[in-house]
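Novice: A structural model of the following input is requested.
(one chain, ligands or ions: 2)
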Amino acid sequence: MLQSTQETFDPGIVLLPGFALSERDALRAGIEAVTDRAPVRRMQVPGGHTMSVAMTNCGALGWVADAHGYRYSALDPLSDLPWPAMPETFLRLARAAAAAGGFDGFEPDVCLINRYEPGARLSMHRDVDEHDFSHPIVSVSLGSPARFVIGGLARRDPTRAVVLHDGDVIVWGGPARRIHHAAGSPRRRAGQPTLRWNLTFRRAGP
Ligand code: MD3
Ligand code: FE
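Specialist: Ligands and ions are numbered 1, 2, ... in the order given. The predicted structure follows:
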């Protein structure tokens, strides 16, 4: 169905609560198809640490980190093969969400797939490895809810926390495209699954 209410938090940040709920099963099937061929892995970062979030990609390019730095690559370094193609459901969802957030014509060439086990988190950072920041980033949360921290353009700007739930989508563009942000660990709740997945759709190439 792909529709929901929308809330603009700040210029450039549009939250679409539950936008992806109707596509949940198709998205999970897509994640399974991708991870069968390009498994999630915890990447090394410059400095020697290993990320707690496990990642993989689909699309023409994929985001990779290693001891040398961060970049987009057409090949999966684990297999030296191209990343799996982006499933059609992923593409349709990303285009529809971007349009709902004010970005008609968004054509992502990357879907970075993040898997959070309890304890995994992504510390404060900016996404600046892409070629052209006029394209938005579309993020889709699946599974357990988790706290997400929104900062500002400067590292020391004030932050605020929002909780992202299963099916929530956020479109980050324009003045918000280069803000700092961080993602917390999924909440542990008795009897509930505690895996969280996040898909971020990007246009990284020219
Ligand atoms: C704001 N992922 O993969 S998505 C990332 O929950 C990343 O996995 C988080 O940050 C996660 O880089 C959060 C939300 C997000 C993604 C990209 C942004 C927020 C953003 C780019 C610019 C500003
Ligand atoms: Fe990010």
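Novice: helix, strand or coil for residue 32?
Specialist: Under the three-state scheme (DSSP: H, G, I helix; E, B strand; the rest coil), residue 32 adopts helix.
Novice: Relative to residue 54, how far out is it?
Specialist: Plainly put, residue 32 is 15 Å away from residue 54 if you go by CB to CB, to the nearest Å. To be clear about C-beta, it is placed using only N, CA and C from the backbone, and glycine gets the same treatment.
Novice: Between those two, which is the more surrounded one?
Specialist: It is residue 54, of residue 32 and residue 54, that has more neighbours when counted by other CB atoms under 10 Å, with 17 against 9.
Novice: how many other residues sit next to the nearest residue to the more buried one once chain neighbours are set aside?
Specialist: Closest residue to residue 54 apart from its sequence neighbours, by CB to CB, 6 or more residues apart in numbering: residue 40 at 3.9 Å. Residues lying near residue 40 (other CB under 10 Å) number 17.
Novice: give the contact list for residue 40.
Specialist: For residue 40, the contacting residues are 54-56, 113, 115, by CB atoms under 8 Å, 6 or more residues apart in numbering.
Novice: Can I get these in a markdown table including distance to ligand 1 and secondary structure?
Specialist: A markdown table is the format used below for the contacts of residue 40 (distance: CB to the nearest ligand atom, whole Å; DSSP: H, G, I helix; E, B strand; the rest coil):
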| residue | distance to ligand 1 | secondary structure |
| --- | --- | --- |
| 54 | 11 | strand |
| 55 | 8 | strand |
| 56 | 12 | strand |
| 113 | 9 | strand |
| 115 | 9 | strand |
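Novice: quick check, nearest of those residues to residue 46?
Specialist: residue 55 (15.8 Å; CB to CB).
Novice: what bridges to the closest residue in space to the closest one that isn't next to it in sequence?
Specialist: Sequence neighbours aside, residue 114 is the residue nearest to residue 55 in space, at 5.4 Å (criterion: CB to CB, 6+ apart). Taking DSSP bridges, one obtains residue 55, residue 198 as the residues bridged to residue 114.
Novice: Who are the contact partners of residue 114?
Specialist: 53-55, 122, 183, 197-200.
Novice: And residue 43, how close does it get to residue 79?
Specialist: For residue 43 relative to residue 79 (CB to CB), the value is 15 Å.
Novice: Which one's more surrounded, the two?
Specialist: residue 43 (19 against 11).
Novice: Correct me if wrong: the more buried one contacts residue 56.
Specialist: No - counting by CB atoms under 8 Å, residue 43 does not reach residue 56; the two are 9.8 Å apart.
Novice: got the residues of this protein near ligand 1?
Specialist: 112, 114, 122, 127, 137, 139, 148, 170, 172, 176-177, 179, 181, 183, 198, 200 (CB under 6 Å from any ligand atom).
Novice: Now with 8 Å, please.
Specialist: Within the chain, the positions near ligand 1 by CB under 8 Å from any ligand atom are 13, 53, 55, 63, 112, 114, 116, 122, 125-127, 137, 139, 141, 146, 148, 150, 164, 170, 172, 176-183, 196, 198, 200, 202.
Novice: Fine by me, thanks again.
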